[in-house]
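# How does the following fold in three dimensions:
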Amino acid sequence: MAGTAERIDTLLRERGITGARMCADLGLSRSFMTELRKGRIRNIGAETAARIADYLGVSTDYLLGRDGGRFDDPVERELAGYLEDMRAHPEKRMLFSVTKGATKEQIEAIVHMIEELRSSK
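Numbering: from 1, shown residues only. Sure, this is the predicted structure:
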């Protein structure tokens, strides 16, 4: 798992997140990253790998070293960009969270309002 630990460390550094913060956010043990780095954890479970990959905005295959690129699919790249933007801007997360359960028409009306606000500046 040394390669996986290195990939996670690189992704954490790129995002300015500590291993302890990631573990706390994901409900993993405080020693998880230490154990992974030292090779004491031999396998990461599928659910844990998926949660870490989602948190870091990469595919599980990339996290585990099964492919060379982070995202080959343009839609996944776009979604990863939105996820990163929401991580960096809590106010955008708030906007996204209030649209959960909204109808298509309601979301279109919200988008129209935002476009109007932006054009009036």
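# Nearest spatial neighbour of Arg7, chain-adjacent residues omitted?
In space, Arg7 comes closest to Leu63 once its chain neighbours are excluded; the distance is 6.0 Å by Cβ to Cβ, 6 or more residues apart in numbering. No exception for glycine: its C-beta is placed from N, CA and C like everyone else's.
# next structured bit after the helix or strand of the chain with the lowest mean pLDDT?
Of all the helices and strands that make up the chain, the one with the lowest confidence by mean pLDDT, DSSP states H and E is helix 74-88; it has a mean of 76. Reading on from helix 74-88 to the C-terminus, the next helix or strand found by DSSP states H and E is helix 90-98.
# Distance from that following helix to the middle of the chain?
Its chain's C-alpha centre and that of helix 90-98 lie 15 Å apart, by Cα atoms, centre = their mean, to the nearest Å.
# If you count contacts, what does that helix end up packed against?
For helix 90-98, the packing partners by 3 or more Cβ pairs under 8 Å, 6 or more residues apart in numbering; DSSP states H and E come out as helix 74-88.
# Output the helix it packs on as PDB, nothing but the C-alphas.
In PDB, the C-alpha atoms belonging to helix 74-88 read as follows (Å, rounded to 0.1, in the frame of the first residue of the first chain):
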ATOM      1  CA  PRO A  74     -14.400  14.500 -19.400                       C
ATOM      2  CA  VAL A  75     -17.600  14.500 -17.300                       C
ATOM      3  CA  GLU A  76     -15.700  13.100 -14.300                       C
ATOM      4  CA  ARG A  77     -13.000  15.800 -14.800                       C
ATOM      5  CA  GLU A  78     -15.700  18.500 -14.800                       C
ATOM      6  CA  LEU A  79     -17.400  17.000 -11.800                       C
ATOM      7  CA  ALA A  80     -14.100  16.800  -9.900                       C
ATOM      8  CA  GLY A  81     -13.500  20.500 -10.700                       C
ATOM      9  CA  TYR A  82     -16.900  21.400  -9.200                       C
ATOM     10  CA  LEU A  83     -16.200  19.300  -6.200                       C
ATOM     11  CA  GLU A  84     -12.900  21.000  -5.700                       C
ATOM     12  CA  ASP A  85     -14.600  24.400  -6.100                       C
ATOM     13  CA  MET A  86     -17.200  23.500  -3.400                       C
ATOM     14  CA  ARG A  87     -14.400  22.300  -1.100                       C
ATOM     15  CA  ALA A  88     -12.700  25.700  -1.500                       C
END
